[in-house]
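Undergrad: Kindly generate the corresponding structure for this input.
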Amino acid sequence: MEKSCSLLVYFDKGTPALANEIKEALEGNDVEVKIEALKKAIMLLLNGETIPQLFITIIRYVLPSEDHTIQKLLLLYLEIIDKTDSRGKILPEMILICQNLRNNLQHPNEYIRGVTLRFLCRLNEAEIVEPLIPSILSNLEHRHPFVRRNAVLAVMSVFRLPHGDQLLVDAPEIVEKFLSTEQDPSSKRNAFLMLFNCAQDRALNYLFTNVDRINDWGEQLQMVVLELIRKVCRVNKSEKGKYIKIIISLLNSPSTAVIYECATTLVSLSSAPTAVRAAASTYCQLLLSQSDNNVKLIVLDRLNELKASHREIMVELVMDVLRALSTPNLDIRRKTLDIVLDLITHRNVDEVVLLLKKEVVKTQSGEHEKNGEYRQMLVQAIHTCAIKFPEVASTVVHLLMDFLGDTNVASAIDVAVFVREIIETNPKLRVSIITRLLDTFYQIRASRVCACALWIIGEYCLSLSEVESGIATIKQCLGDLPFFTATSEEGEGQDTQQKASQPVSSATVSSRRPVVLADGTYATQSAVLETAMSPPTLVQGSLASTGNLRSLILSGDFFLGAVVACSLTKLVLRLEEVQPSKTEVNKTTTQALLIMVSMLQLGQSWVLPQPIDNDSHDRIVLCIRLLCNTGDVVRKIWLQSCRESFVKMLADKQRRETEELKAKAQVSNAQPDDLIDFYHLKSRKGMSQLELEDEVQDDLKRATGEFTKDGDDANKLNRILQLTGFSDPVYAEAYVTVHHYDIVLDVTVINRTKETLQNLCLELATMGDLKLVERPQNYTLAPESSKQIKANIKVSSTETGVIFGNIVYETSSNVHDRMVIVLNDIHIDIMDYISPASCADVAFRTMWAEFEWENKVAVNTIIQDEKEFLDHIIKSTNMKCLTPPSALEGECGFLAANLYAKSVFGEDALVNLSIEKQTDGKLSGYIRIRSKTQGIALSLGDKITLKQKGAA
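TA: Next up is the predicted model:
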């Protein structure tokens with residue numbers, strides 16, 4: 001059996017000390033050697049060794065020492081040795097200890113007195129403590145505060161012993177008298193803590209007697225006062241009004257720890273607007289005053305909780321919360337923006353957007369390495385504001401367009417997507433956006449941003465001037481044609497590559513006809529020969545120059561080339577509608593065709609390491625054919641259907657966001673049959689405004705069932721697990737509560753025998769990333785009686801874990817034989833840790849490429865409908881389908897979808913489901929799971945395998 005321990009010392013097992021060596025060292029006169037020997041003895045005892053022969057040596061040679069270090073180590077030694085025999089009786093040699101402790105309590109040195117009093121706090125043997133009680137009480141009047149504060153704690157520990165109220169009958173009265181005269185803050189705190197734990201009425205009496213001076217009390221005492229208030233209000237809710245006033249007054253404390261606890265206590269006790277507003281203001285004050293990033297993150301979590309339950313109050317403080325953006329930490333900035341975006345209304349949107357714009361401008365000038373990522377977060381936040389409140393779009397879109405050429409590609413892509421959405425949803429801004437986009441297009445450096453900008457140019461250039469400007473901008477960024485120069489001589493085109501690799505000989509040069517230069521002299525070498533004998537030369541551009549499209553295409557990006565071809569095709573088709581001159585139209589068409597042919601020529605040449613891909617080649621060829629032979633049907637597809645598809649996509653996105661908001665929204669409290677409380681007509685009974693507000697809010701909660709909504713008895717019954725059989729002498733069942741990082745097992749143990757069970761112990765062990773916090777203690781169980789045993793288990797990662805163990809006990813008839821009952825295993829489900837979440841397609845693909853752990857599960861089910869199987873997997877895995885419903889419509893016999901979830905530990909779980917219907921009607925395919933950690937990939941795979949078989 002393991003013993004409980006109140007101290008922990010590191011011990012290197014590699015070099016164990018021998019008992020004889022320790023004994024010899026303790027018998028010597030060298031103080032330093034004695035100290036080392038005592039330390040070794042304590043370490044051996046802590047690690048399970050028994051050294052009974054040392055006790056008498058220590059009593060003879062160590063006890064009389066006057067050295068303070070030896071005396072402190074001696075107390076540690078006495079703390080961990082066994083003081084009772086196997087029957088629980090005090091060992092007779094412990095009387096020797098009592099005399100030494102009494103001497104220490106009367107020692108002239110205050111340090112010896114203090115550490116001895118602290119040692120007595122950890123003694124559980126009343127027989128040892130009882131003779132020392134007069135000495136303990138006399139130390140309450142010692143001149144030194146170190147002694148007094150430990151004396152109070154010793155009094156409390158004695159009073160809390162079994163039958164301790166008989167050993168120290170008048171302890172509460174003595175401590176109350178001590179508290180009224182004491183000046184030392186720590187001593188007052190310990191005295192108040194004693195009354196709080198042992199005589200709560202006296203603690204409350206002292207609190208209300210001195211309520212006017214509470215702000216002058218020390219930080220430690222104020223923290224105990226708050227703990228007392230929480231305890232009292234939990235039991236007696238009707239009196240919490242007067243305690244809330246005390247908490248409000250403590251909000252002016254100079255201690256940040258006290259005001260944080262005040263705010264947390266206020267929110268937990270009251271829903272009154274005044275109290276919640278005071279708590280929220282306190283959190284905002286802490287957010288700005290504290291420099292520790294961990295504190296800021298904790299405060300932001302509290303504000304996030306307030307946002308869920310008291311949104312209207314948080315809306316008033318949105319600008320205060322935004323001031324946290326001044327912190328350079330990205331996690332704090334991200335969390336701040338997430339909170340603020342849910343609090344935006346028509347009243348504050350202009351202020352919020354103005355501040356976000358200032359922050360965007362700051363990211364240009366700063367040299368911080370994370371500026372690009374921060375700018376991306378700001379762009380996404382502004383995007384969200386502009387979608388919710390279109391009227392602010394005009395104030396931000398032109399500023400953000402300056403960042404289309406941002407070196408941070410992710411930020412630039414977000415700007416491009418934002419501009420694409422705004423130009424469709426705000427028709428009044430289209431002309432100015434197009435003009436600005438054409439002016440800044442040459443600055444864009446990223447291929448994906450160029451592709452998005454080209455699509456906007458091709459889709460929204462409507463007037464003649466816009467179309468002509470769009471074509472001119474694209475031509476300017478592509479530069480002069482062709483993209484490369486090659487030999488023009490006949491007969492050498494077939495083997496140019498071969499000749500280019502050969503060295504040019506002098507004979508070959510001299511055999512050519514001499515060339516007459518402009519000044520009349522002969523050239524010594526032919527330029528044509530140089531061209532023929534050297535590989536084709538790419539006419540390079542620079543990403544920073546006007547030929548940004550040219551540089552990207554010459555680097556082998558033919559997907560961008562296909563986008564250029566499509567945009568030019570749209571612009572030419574629209575030019576035919578707005579340009580009356582057919583000559584200009586034909587001229588422009590010819591130039592567009594030349595560009596497309598040049599791109600095909602570049603893609604099929606051998607000068608680039610990779611040839612053009614088939615998709616891009618087919619797309620460019622399609623554009624060439626279309627420009628050579630246009631028709632009304634094709635014109636409608638290119639100029640109208642593309643836009644209609646985009647509008648449909650935006651509408652679908654808006655609909656999904658609206659549905660998510662509805663799902664998150666709480667059920668309205670204002671039901672048709674709700675109580676309407678006219679609190680002006682209530683009997684005030686001398687209550688303050690705050691007490692009145694609190695009572696009204698409690699009435700409202702009672703009327704809407706908010707006080708009882710957590711009492712879901714049916715759900716509790718589903719989580720009860722039977723641990724032993726009905727025929728076992730001891731029946732046990734557990735109620736499992738999973739709360740983020742903790743698992744609480746509430747085990748009910750029933751003695752079904754007619755005998756008393758002694759030393760009954762619930763022994764648990766874990767497998768996986770689970771850790772038992774503390775071992776449950778031993779109990780004695782009367783015949784046919786029951787006991788509730790709680791066990792706490794810490795969880796460190798998202799993984800299916802197993803808790804197993806047994807119940808060990810002794811019967812009164814046979815003490816020497818220990819009985820063991822093996823318990824059923826408790827499997828901790830991964831579904832308790834993951835919840836559905838959303839992420840952008842770009843982020844999903846990025847994570848999919850980065851994550852190294854993959855689990856591939858073959859589909860094995862009798863479900864024959866693809867969508868039904870997808871819904872079954874979503875329900876079984878508690879994940880969210882990122883693929884929009886519009887993409888899952890239709891019957892094609894094939895379905896691919898992406899699912900996403902996030903764990904309470906911040907881990908991402910990605911799932912790709914690809915299934916196909918076979919000719920026999922069965923579904924086949926694979927479900928691929930990816931994650932950053934192995935546990936979540938394996939556990940989710942096991943869950944899917946189990947559930948799909950269960951459905952089959």
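Undergrad: Can you get me a residue count around residue 474?
TA: 21 (other C-beta atoms under 10 Å). The way it works is simple: take the backbone N, C-alpha and C, and place the C-beta from them, glycine included.
Undergrad: Can you tell me how far it is from residue 278?
TA: Residue 474 sits 60 Å away from residue 278, going by C-beta to C-beta, to the nearest Å.
Undergrad: repeat for residue 37
TA: 58 Å.
Undergrad: Settle it for me: which of those two has more neighbours?
TA: Under the criterion of other C-beta under 10 Å, the comparison of residue 37 against residue 278 puts residue 37 first, with 25 against 22.
Undergrad: which one is that one nearest to, not counting chain neighbours?
TA: residue 25 (3.5 Å; C-beta to C-beta, 6 or more residues apart in numbering).
Undergrad: Report the contact partners of the one you found.
TA: For residue 25, the contact set (C-beta atoms under 8 Å, 6 or more residues apart in numbering) comprises 33-34, 36-37.
Undergrad: Out of those, who's the most crowded?
TA: That'd be residue 37 among the contacts of residue 25, by other C-beta under 10 Å, with 25 neighbours.
Undergrad: so who does that residue touch?
TA: Contacts of residue 37 by C-beta under 8 Å, 6+ apart are 17, 21-22, 25-26.
Undergrad: re the thing from before, which SS class is the residue nearest to residue 37?
TA: helix (DSSP: H, G, I helix; E, B strand; the rest coil).
Undergrad: Below-threshold pLDDT in the protein: ranges please.
TA: Counting by pLDDT under 70, the ranges of the chain that qualify are 1-17, 48, 366-369, 486-547, 661, 663-718, 740, 797-800, 814-816, 949-952.
Undergrad: Outline the domain layout of it.
TA: Here the domain parsing of the chain from the TED database is 350-460, 476-483+547-642, 719-828, 832-948.
Undergrad: Of these, flag the one that's most buried.
TA: Most buried of the domains of the chain, by mean neighbour count (mean count of other C-beta atoms under 10 Å): domain 350-460, with a mean of 19.
Undergrad: what distance separates that domain from the middle of the whole chain?
TA: 28 Å (C-alpha atoms, centre = their mean, to the nearest Å).
Undergrad: now do the same end-to-end measure for that domain.
TA: 28 Å (C-alpha to C-alpha, to the nearest Å).
Undergrad: just to revisit the earlier point, could you save the contacts of residue 37 as CSV and add columns showing distance to residue 44?
TA: Output for the contacts of residue 37, formatted as CSV (distance: C-beta to C-beta, whole Å):
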residue, distance to residue 44
17, 6
21, 11
22, 8
25, 13
26, 13
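Undergrad: Quick check: of those residues, which lies closest to residue 172?
TA: Here the nearest of those to residue 172, counting by C-beta to C-beta, is residue 26; it sits at 42.6 Å.
Undergrad: these two touch, right, the closest one and residue 55?
TA: No: contact criterion C-beta atoms under 8 Å: residue 26 and residue 55 do not qualify, at 11.0 Å.
Undergrad: anything in contact with each of these two?
TA: By C-beta under 8 Å, 6+ apart, no residue touches both residue 26 and residue 55.
Undergrad: What sits closest to residue 243 if chain neighbours are left out?
TA: Per C-beta to C-beta, 6+ apart, closest to residue 243 is residue 229, 4.6 Å.
Undergrad: ah, wrong one, I meant residue 225
TA: residue 207 (6.4 Å).
Undergrad: Contacts for the strand or helix carrying that neighbour next, please.
TA: For residue 207, the host element (DSSP states H and E) is helix 200-209. Helix 200-209 is touched from outside by 172, 176, 179-180, 192, 195-196, 214, 225, 228, 231-232, 246, with contacts defined as C-beta under 8 Å, 6+ apart.
Undergrad: change it to 6 Å
TA: 172, 176, 195-196, 228 (C-beta atoms under 6 Å, 6 or more residues apart in numbering).
Undergrad: Counting neighbours, which of those comes out on top?
TA: Neighbour-wise, the contacts of helix 200-209 (other C-beta under 10 Å) top out at residue 195, 24 neighbours.
Undergrad: Let me see the contact set for it.
TA: 202-203.
Undergrad: Surely it is in a helix?
TA: Yes: with three-state DSSP as the criterion, residue 195 is located in a helix.
Undergrad: Can you pull up the most central residue in this protein?
TA: Taking C-alpha atoms, centre = their mean, the centroid of the chain lies closest to residue 906, which sits 4.2 Å from it.
Undergrad: That one: what secondary structure?
TA: Quick answer, by three-state DSSP: residue 906 is coil.
Undergrad: Which strand or helix spans the closest residue to residue 837 other than its chain neighbours?
TA: Using C-beta to C-beta, 6+ apart and skipping the chain neighbours, the partner closest in space to residue 837 is residue 902 (3.9 Å). Secondary structure from DSSP H and E places residue 902 in strand 894-903.
Undergrad: Show me the contact partners of that strand.
TA: 798, 833-834, 836-837, 839, 844, 866, 870, 879-883, 909, 911-916.
Undergrad: so of the residues you listed, which ones are in helices?
TA: Counting by DSSP state H, the contacts of strand 894-903 place 844, 866, 870 in helices.
Undergrad: Looking at these, which is nearest residue 77?
TA: Looking across those and measuring by C-beta to C-beta, the closest to residue 77 is residue 844, at 60.5 Å.
Undergrad: Tell me who's in contact with the closest one.
TA: Neighbours of residue 844 in contact, by C-beta under 6 Å, 6+ apart: residue 898.
Undergrad: Quick check: it vs residue 881, distance?
TA: Counting by C-beta to C-beta - residue 844 and residue 881 are separated by 12 Å.
Undergrad: Overlap in contacts, the two.
TA: If you check residue 844 and residue 881 against C-beta under 6 Å, 6+ apart, no residue is contacted by both.
Undergrad: follow-up on the earlier one: could the contacts of helix 200-209 go into TSV alongside distance to residue 45?
TA: Converted to TSV, the contacts of helix 200-209 look like this (distance: C-beta to C-beta, whole Å):
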residue	distance to residue 45
172	36
176	40
195	36
196	34
228	38
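Undergrad: Return the member of the residues you listed nearest to residue 616.
TA: Looking across the contacts of helix 200-209 and measuring by C-beta to C-beta, the closest to residue 616 is residue 228, at 73.7 Å.
Undergrad: The closest one and residue 196 touch, don't they?
TA: Yes: the pair residue 228 and residue 196 qualifies as a contact (C-beta atoms under 6 Å) at a distance of 5.0 Å.
Undergrad: right, and residue 324 touches residue 285 too?
TA: No: taking contacts as C-beta under 6 Å, residue 324 lies outside contact range of residue 285: 11.6 Å.
Undergrad: Between the two, which has more neighbouring residues?
TA: Set residue 324 next to residue 285 and count neighbours by other C-beta under 10 Å: residue 324 wins out with 22 against 17.
Undergrad: For the more buried one, give me its contacts.
TA: Counted by C-beta under 6 Å, 6+ apart, residue 324 has contacts 287, 336.
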